[in-house]
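Engineer: heads up, no residue letters with this:
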């Protein structure tokens, strides 16, 4: 329920942004040629109820949104939602592996740092995560691309597939999956090679955020009496870690993965352009730099909805993992 | 940039806070000895004063970095050998004795632009943090102290802002307002004040029910006086820590916005925009590598300082993490 109210509020926020546009939202949403066409202009005013009071305008806006109408992109002249749908699979293809890797690495490294608390290993992890948090994502992407493509020649220059390879028949839109489904191993391998750098960069950034949380969560668990008791009764370290430390430490880790997801979403917006990766992030980059307001607002609304739903899922998962917390 | 909103991250600098004093008679085996050694260190670290925070190597490093950047910002016209916006025919010159960081796609000296970039980014970051902190402090105090409806309204607004990843909302706001330095600053203030409001509200809440506050009320202390004497001092520590970390975040987000083309207009020497310009041709690495290092070092310095301040000022992180 709170999620529904929150999402409703989010639409009020994006609507107010449209209202705040200096001048007329119409000039920001329509291209030059469209503005010179009286028919288009009056159709637009009609559709968004621009001659009505603000509250009615909002009702119309919300009605359009609920029907999946996010407006028309000025750059592509296509519906924003349709654009987004074509770009989502590419983003998922790097976001899913990056998310999985981040959670695994983040938990592992965080636990390691907690176990080595105050010693060299901990310090190294700490410096690493601080560096990761302080690096502009797009710059890290650029430097990785420079080193692995330009200097070492180990990675492709960007994009999802080498130009000489025909894309596999579209089923999911994720090229690696489609290639596998079609049994095209060469295509699959080529797609995987293109994935590596973007995934690595996104993972680095997200792990840097995660590690700090995991480390402190684990430190707290390690300090619990039951862990000391388990150790004292002579259980092997591995068992103590698996059964007593990781189990209890996972609850905060799951909460934080919602946060990791946010950093991942922001990361794609700043990183995809560098890797010429045709995903939502690149779409957002182009929309922003081209001042394509309907597309920018569409992307932000879309991201906010996805992010809110992920946080809801995290809350639900929380209840599953920790029996002490159940939704009322 | 992509950093957490409410920074819950506890202490990073691990000073082991074991309560023991140095036990006598060292044990025989090396493990016990190592343990005792650590205990001894712990004892020493425990008594350190505020001034010792400033003597940690990482903090000294951060202070030096920041000092250098602040000098660069203050003295940019003196330090920079060239004008940051004057173009020349010497396009894409690689780093040399004349152009330490090379020249960019319009023949401008990258070193001069990086130095002038500090003059742009640092004050802007201070403005963003200052205004956002002021707004957040007022609203956070109101929410925490008044409670009820005021609290409800203010917290629901912060929820709205937190429904977006920070840079995404900043991007939307900046795009709606139009690209300029002023609008980028506005956008970043809009997305960052809720963090302060929440932190300050929670430190207000932590003392609201305290007996000494009730006692001072009984003594006839008015709400304004109570706020000033008993409530605000409690919120100062967390706010200072947050503001320090947010200075770094502001630099990072400003760079991200102008990377997206929503920051200061060209030819302003903004670090994020310089990286974007350099990304067009990989072989001219110097055009984007140096501004990136500038952002990295500034943000890193703020993050180290913020962490150290947190260990010092925020009692929650000083205990229970040994």
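Structural biologist: Arrived safely, thanks for sending. Here the structure is a predicted model, which means the values were calculated and not measured.

Engineer: give me the neighbour count for residue A:64.
Structural biologist: 15 (other Cβ atoms under 10 Å in any protein chain shown). Bear in mind the C-beta positions are built from the backbone N, C-alpha and C, glycine included.

Engineer: quick check: mean pLDDT across the helix or strand it falls within?
Structural biologist: Assigned by DSSP states H and E, residue A:64 belongs to helix A:54-66. Mean pLDDT, helix A:54-66: 86.

Engineer: do the same with stretch A:158-165
Structural biologist: Per-residue scores along stretch A:158-165 average to 84.

Engineer: do it and chain B meet at all?
Structural biologist: No. Stretch A:158-165 stays clear of chain B (Cβ under 8 Å from any Cβ of the partner chain), getting no nearer than 10.0 Å.

Engineer: residues of that stretch that come out buried?
Structural biologist: A:158, A:160-161, A:165 (16 or more other Cβ atoms under 10 Å in any protein chain shown).

Engineer: quick one: low-confidence parts of chain A?
Structural biologist: By pLDDT under 70, the weakly predicted segments of chain A are A:22-29, A:31, A:323-328.

Engineer: need the longest helix for chain B.
Structural biologist: helix B:110-146 (DSSP state H).

Engineer: who in the stretch 101-250 of chain A is up against chain B?
Structural biologist: A:117-118, A:122, A:126, A:130-131, A:133-139, A:142-143, A:145-146, A:149-150, A:205, A:209, A:212-213, A:216, A:219-220, A:223.

Engineer: so what's residue B:113 closest to, chain neighbours aside?
Structural biologist: Spatial nearest neighbour of residue B:113, chain neighbours left out: residue B:269 (4.0 Å); criterion: Cβ to Cβ, 6 or more residues apart in numbering or on different chains.

Engineer: swap in residue B:156?
Structural biologist: residue A:9 (7.1 Å).

Engineer: same deal with residue A:74?
Structural biologist: Using Cβ to Cβ, 6+ apart, the nearest residue to residue A:74 is residue A:292, at 4.5 Å.

Engineer: wait, what's in contact with that neighbour?
Structural biologist: Taking Cβ atoms under 8 Å, 6 or more residues apart in numbering or on different chains, we find residue A:292 in contact with A:73-75, A:286.

Engineer: what's the farthest-apart pair in those?
Structural biologist: The distance between the two most remote of the contacts of residue A:292 (Cβ to Cβ) is 10.8 Å, for A:74 and A:286.

Engineer: any common contacting residues for the two?
Structural biologist: With Cβ under 8 Å, 6+ apart as the test, residue A:74 and residue A:286 both reach A:292, A:295.

Engineer: isn't there a strand covering residue A:276?
Structural biologist: No. Per DSSP: H, G, I helix; E, B strand; the rest coil, residue A:276 lies outside any strand segment and is coil.

Engineer: and it, its phi and psi?
Structural biologist: Backbone torsions for residue A:276, taken as degrees, to the nearest 10, come to phi 40, psi 40.

Engineer: just checking, it touches residue A:282?
Structural biologist: Yes. Look at residue A:276 against residue A:282 with Cβ atoms under 8 Å: they come within range, at 7.5 Å.

Engineer: out of those two, which sits in the more crowded spot?
Structural biologist: residue A:282 (21 against 15).

Engineer: check contacts around the more buried one.
Structural biologist: When contacts are taken as Cβ under 8 Å, 6+ apart, residue A:282 is in contact with A:87, A:272-273, A:276.

Engineer: just to revisit the earlier point, count the residues that sit near the residue nearest to residue B:156.
Structural biologist: Neighbour count of residue A:9, defined by other Cβ under 10 Å: 17.

Engineer: does it touch residue B:163 like I think?
Structural biologist: Yes. The pair residue A:9 / residue B:163 is scored as a contact, 7.4 Å apart, by Cβ under 8 Å.

Engineer: packing partners for whichever strand or helix holds residue B:195?
Structural biologist: Here residue B:195, judged by DSSP H and E, is contained in helix B:181-208. Applying 3 or more Cβ pairs under 8 Å, 6 or more residues apart in numbering or on different chains; DSSP states H and E, one finds that helix B:181-208 contacts helix B:110-146, helix B:148-162, helix B:166-177, helix B:232-259.
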